[in-house]
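# A predicted structure for the sequence below; I have some questions about it.
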Amino acid sequence: DDCPPWPVGIEPVDDICVGSLGAPVIELVAFGLGNGTGFEIWEGPGIINADESFFDPAEAGIGVHTITLTYQENNCTYIATVDITIIQTIPADFIADSPVCVDDGTTASFSGVAGPDAIYTWDFAGGTANPGTGPGPHQVFWPTAGNYTVSLILEDNGCISDVALQEVVVEEALPEPVLD
C-alpha cells in the first residue's frame, strides 16, 4: 500500500493512583491521525467503549495495562500503544494509645505496609514527638490535658494517601494517694 507515514501515537499517561475514592475516568489523547477522516478503535483493559478514548482505572485494576489504538484511513491501518500504570494508594493507617495520662504520653505508629522510600507526614497537634519522623513508633507528649487530633499523610510510589486522623485523649495525672 501507498500509506503516508503518519506518526500515529497516544500521548503518554502519568502513573495513576487509586485510593479509597477510586480514580477519575481519563480521556486518552491520540496524535498524528492523518487528515482526521478515518476512524479509531481503542482496545485494552479499562477502555469503556472501543469508539472512544475514555479509560477507567477502576475497571482496568492495579498493574500495567497496554492500550492499543488502531486508526484506519483510506485503506491504511496504523497501530499505536501506550502502557498505563495503575498504583494502589497505601492508606495512612496508624495506631495511637488513648486515653493516656499527661505524664505518660502516647505511642503512635504507622500500622500499614509501605515501601522503604515512603514519606510520612505526621502532625502531632502541638505534641513533642520522638523521633517524630518515619513510620514510628513515636513517643508523643503534650504539656497539658486535653483532646488532640494526630494526623498522618503517607506518600509512597508517587501516590499520596488521604489524611488519617485519630483523637488522643490526654488526662491529668492522678494525685498521689495520701495514706493515713
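Ah, there it is. Treat the numbers as computed from the prediction; the structure is a model and nothing was measured. Numbers count the residues shown, from 1 in each chain.
# The residue lying farthest from the centre of the chain and Leu174, how far apart?
In the chain, the residue that sits farthest from the middle, by Cα atoms, centre = their mean, is Asp180; the gap is 60.7 Å. Per Cβ to Cβ, to the nearest Å, Asp180 is found 18 Å from Leu174. In short, each C-beta sits where N, CA and C put it, glycine included.
# Could you do Gly132 as well?
With distances taken as Cβ to Cβ, Gly132 is found 28 Å from Leu174.
# now do Gly38
For Gly38, the distance to Leu174 equals 80 Å [Cβ to Cβ].
# And those two? Which one has more around it.
Gly38 (18 against 8; other Cβ atoms under 10 Å).
# wait, that one sits on Tyr71?
Yes. Contact criterion Cβ atoms under 8 Å: Gly38 and Tyr71 qualify, at 5.6 Å.
# Which strand in this structure has the most residues?
Longest strand in the chain by number of residues (criterion: DSSP state E): strand 76-88.
# What are the buried residues along that strand?
For strand 76-88, the neighbour count (16 or more other Cβ atoms under 10 Å) marks Tyr78, Ala80, Val82, Ile84, Thr85, Ile86, Ile87 as buried.
# do the same with stretch 122-129
Trp122, Phe124, Ala125, Gly127, Ala129.
# The longest strand of the chain: partners in the sheet, and parallel or antiparallel?
Partners of strand 76-88 in the sheet, by DSSP bridges, are strand 16-18 (parallel), strand 63-73 (antiparallel).
# Now tell me what touches it from outside.
By Cβ atoms under 8 Å, 6 or more residues apart in numbering, the residues outside strand 76-88 that reach it are 1, 3-4, 6, 8-13, 15-18, 23, 28, 30, 32, 34, 38, 46, 55, 57, 60-72, 157-159.
# If any of these are buried, give me the ChimeraX selection for them.
In ChimeraX syntax, the buried subset of the contacts of strand 76-88 is picked out as below (16+ other Cβ under 10 Å):
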select :6,8,9,10,13,16,17,18,23,28,30,34,38,46,55,57,60,65,67,69,70,71,159
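# ok, Ser98 touching Thr149?
No. Shown here, Ser98 and Thr149 do not form a contact pair, counting by Cβ under 8 Å, at 10.8 Å.
# neighbour count winner among those two?
Set Ser98 next to Thr149 and count neighbours by other Cβ under 10 Å: Ser98 wins out with 16 against 11.
# For that one, give me its contacts.
Ser98 is in contact with Thr106, Gln166, Glu167, Val168, Val169, counting by Cβ under 8 Å, 6+ apart.
# do Ile153 as well
By Cβ under 8 Å, 6+ apart, the contact set of Ile153 is Ala92, Tyr120, Thr121, Ile160, Ser161, Asp162, Val163, Ala164.
# which of these has the most neighbours?
Tallying neighbours with other Cβ under 10 Å puts Ala92 at the head of those, with 25 neighbours.
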